[in-house]
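> I would like the atomic coordinates for the input below:
(one chain, ligands or ions: 1)
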Amino acid sequence: MGVEIRVEGLTKSFGRQTIWQDVSLTLPAGEISVLLGPSGTGKSVFLKSLVGLLKPDRGHIWVGDRDLPRLPEAQLYDTRKLFGVLFQDGALFGSMNLYDNIAFPLREHTKKSEGEVKRIVMEKMEMVGLLGAEKKLPGEISGGMKKRAGLARALVLDPEILLVDEPDSGLDPVRTAYLNQLIVDLNSQINATFLIVTHDINTARTVPDNIGLLFRRELVMFGPREMLLSSEEPVVRQFLNARKVGPIGMSEEKDVSELEAEAKMGHDPGRLPPIPPQLMPSDGRVRPTQHAPGGWCAAHGVVPPPGSFIDDLGRNWVEEWPRYVAAMSPVGGGPAPGGFGQAGGGRPGAGAAP
Ligand SMILES: Nc1ncnc2c1ncn2[C@@H]1O[C@H](COP(=O)(O)OP(=O)(O)OP(=O)(O)O)[C@@H](O)[C@H]1O
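Numbering: from 1, shown residues only. Next comes the predicted model:
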């Protein structure tokens with residue numbers, strides 16, 4: 001399950017406005033990637049381009065051996081069925097109850113019987129914790145529930161790729177933490193390739209396997225989480241530290257004189273905070289595509305910031321990891337008796353985003 005998406009030299013403009021150019025990246029199969037960037041840098045446009053709702057001016061989007069922008073309409077329609085998308089507002093139909101909203105893609109795109117539709121809808125509603133809310137209308141539920149309903153609808157066609165646009169928008173930090181946990185749990189269950197657009201730094205630091213950053217109409221960097229969280233690149237550091245000091249300005253980029261003035265005053269985008277342990281599935285199992293904590297840093301001779309990979313209980317997960325993996329079989333198996341990951345918190349990330 002889960003397919004790799006390879007983007008090569010992608011460029012998109014609206015009229016004379018170039019949104020981004022020459023974007024190249026690979027979303028590894030089954031992994032979770034996050035796309036960051038200041039407002040208006042074209043993250044949503046990128047998501048819509050990936051699913052074929054917008055056509056890029058140049059470049060390729062390889063989904064397996066299919067180059068999406070060059071597919072004839074019928075094949076594009078077929079390929080889109082590999083994608084599940086959660087749009088920012090959930091994009092639910094206001095006049096339909098949650099059951100009918102979630103059933104909609106099945107009724108629209110498949111010939112399944114109503115019995116089968118029911119089985120699938122209830123299964124997905126259970127996966128996102130919405131059982132019992134079938135009859136509710138979107139106007140009667142909270143923002144967090146709307147996101148969950150949107151996720152359930154994105155899952156009904158068993159997508160190989162899940163695109164999520166700002167899951168945290170309009171949610172309080174606690175609900176965002178619950179939604180992040182749900183996203184990690186879903187990834188471990190369906191093992192699809194995930195791309196999440198977010199502004200939430202905590203989400204970016206704890207959820208993904210990979211992070212990308214758009215700025216100045218370019219992809220500044222894309223790579224493993226540890227690579228960006230230990231990067232010295234000023235734009236990356238400024239964004240991940242949520243600081244005013246650095247190349248990102250109020251509306252877009254700062255000019256040279258502003259940057260010189262900052263440098264003269266001795267400002268910099270801040271020290272790098274410790275890299276937190278990555279959020280684990282709530283059953284404590286290891287996701288099939290999960291990377292060992294500290295693995296990228298060790299392989300690239302990078303010394304992570306002091307205090308990295310240490311959880312709330314003071315355990316260093318670089319050291320704990322081999323024992324943890326030995327004690328926990330991958331998805332499909334289960335926790336070893338007396339092993340890690342038991343009720344509430346023997347696992348990395350526990351406490352980082354409960
Ligand atoms: N269909 C369209 N036609 C013309 N311009 C568009 C269209 N869609 C998006 N844009 C422009 O593209 C730019 C990038 O928009 P986009 O919504 O992708 O940014 P974003 O990074 O997702 O922003 P935010 O973080 O605020 O959601 C904006 O200037 C927007 O006005």
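
> so who does the closest residue to Val85 other than its chain neighbours touch?
Spatial nearest neighbour of Val85, excluding adjacent residues (C-beta to C-beta, 6 or more residues apart in numbering): Leu163 at 4.7 Å. For every residue, glycine as well, the C-beta is placed using N, CA and C. Counting by C-beta atoms under 8 Å, 6 or more residues apart in numbering, Leu163 makes contact with Leu47, Leu50, Val51, Phe83, Gly84, Val85, Leu86, Phe194, Leu195, Ile196.

> in which helix or strand would I find Leu163?
strand 161-165 (DSSP states H and E).

> centre of the chain versus that strand, how much separation?
7 Å (C-alpha atoms, centre = their mean, to the nearest Å).

> Check stretch 185-203 too.
The chain centre lies 3 Å from the centre of stretch 185-203; the measure is C-alpha atoms, centre = their mean.

> swap in stretch 38-55?
The answer for stretch 38-55 is 14 Å, by C-alpha atoms, centre = their mean.

> how long is that stretch end to end?
Taking C-alpha to C-alpha, to the nearest Å as the measure, stretch 38-55 stretches 22 Å from start to finish.

> can you tell me the average pLDDT over that stretch?
Here stretch 38-55 scores 92 as its mean pLDDT.

> Give me the residues contacting that stretch.
5, 7, 10, 12, 19-20, 23, 35-37, 56, 61, 68-69, 71, 76, 79-80, 83, 85, 88, 161, 163, 165, 195, 197, 199, 214-215, 217, 239, 248, 252.

> If I follow the layout properly, Ile161 ends up in contact with Val63?
Yes. Judged on C-beta atoms under 8 Å, Ile161 makes contact with Val63 at a distance of 7.5 Å.

> residues bridging contact with these two, i.e. touching both?
Common neighbours of Ile161 and Val63 (C-beta under 8 Å, 6+ apart) are Val3, Ile5, Leu82.

> Quick check: the last one touching Pro159?
Yes. Using C-beta under 8 Å, Leu82 and Pro159 qualify as a contacting pair, with a distance of 6.2 Å.

> Neighbours of Val197, how many?
Neighbours of Val197 under the rule other C-beta atoms under 10 Å: 22.

> Could you give the bridge partners of it?
Beta bridges link Val197 to Leu35, Asp165, judged by DSSP bridges.

> what residues are up against it?
Val197 touches Val34, Leu35, Lys43, Ser44, Phe46, Leu47, Val164, Asp165, Glu166, counting by C-beta under 8 Å, 6+ apart.

> what's the spacing between the nearest residue to the third one once chain neighbours are set aside and Met122?
What sits nearest to Lys43 in space, not counting adjacent residues and going by C-beta to C-beta, 6+ apart, is Val197, at 4.4 Å. Taking C-beta to C-beta, to the nearest Å as the criterion, Val197 is separated from Met122 by 29 Å.

> Could you do Thr198 as well?
Taken as C-beta to C-beta, the span from Thr198 to Met122 is 29 Å.

> neighbour-wise, which of the two wins?
The neighbour comparison of Thr198 against Met122 (other C-beta under 10 Å) goes to Thr198, with 23 against 16.

> Thought Val34 was touching the more buried one, still the case?
Yes. With contact defined as C-beta under 8 Å, Thr198 counts as touching Val34 (5.9 Å).

> what's the overlap in contacts for these two?
Ala204.

> which stretch of helix or strand covers the residue in the stretch 201-350 of the chain positioned nearest to the ligand?
Residue nearest to the ligand within the stretch 201-350 of the chain: Leu214 (6.9 Å; C-beta to the nearest ligand atom). Here Leu214 sits within strand 210-215, counting by DSSP H and E.

> where's that strand relative to the chain centroid, distance-wise?
Put simply, strand 210-215 sits 11 Å off its chain's centre (C-alpha atoms, centre = their mean).

> Give me the packing partners of that strand, helices and strands only.
strand 17-27, strand 32-36, strand 218-224, helix 225-229, helix 234-241 (3 or more C-beta pairs under 8 Å, 6 or more residues apart in numbering; DSSP states H and E).

> do that again at 6 Å, thanks
Secondary-structure packing of strand 210-215 (3 or more C-beta pairs under 6 Å, 6 or more residues apart in numbering; DSSP states H and E): strand 32-36, strand 218-224.
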